[in-house]
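J.: turn this into a structure:
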Amino acid sequence: MMHEMTSKPAKSSLQQQIDENLKKVYEEALKEEIPDRFKDLLAQLKAKEAGK
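T.: Got it, this is the predicted structure:
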């Protein structure tokens with residue numbers, strides 16, 4: 001069930017903090033390297049596909 005949003009011109013400071021923290025976490029995750037294990041698995045899949 002959806003609640004009606006009260007129209008506030010500015011976000012609460014808590015909401016702003018949450019937004020900023022989520023953006024930081026997301027940006028950090030994007031910068032992380034793909035683990036070697038995943039790279040190996042992708043290489044194996046590509047080799048299998050090429051062999052078909």
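J.: quick check: mean pLDDT across stretch 32-47?
T.: Across stretch 32-47, pLDDT averages out at 91.
J.: who touches it?
T.: In this structure, no residues lie in contact with stretch 32-47 by C-beta atoms under 8 Å, 6 or more residues apart in numbering. For the C-beta atoms, the positions are set from N, CA and C on the backbone; glycine is no exception.
J.: what residues of it count as buried?
T.: By neighbour count with 16 or more other C-beta atoms under 10 Å, stretch 32-47 contains no buried residues.
J.: so what does the longest helix anywhere in the chain touch, helix or strand wise?
T.: Of all segments of type helix in the chain, defined using DSSP state H, the longest is helix 13-31. Here helix 13-31 touches no other helix or strand, going by 3 or more C-beta pairs under 8 Å, 6 or more residues apart in numbering; DSSP states H and E.
J.: kind regards, and thank you for your time.
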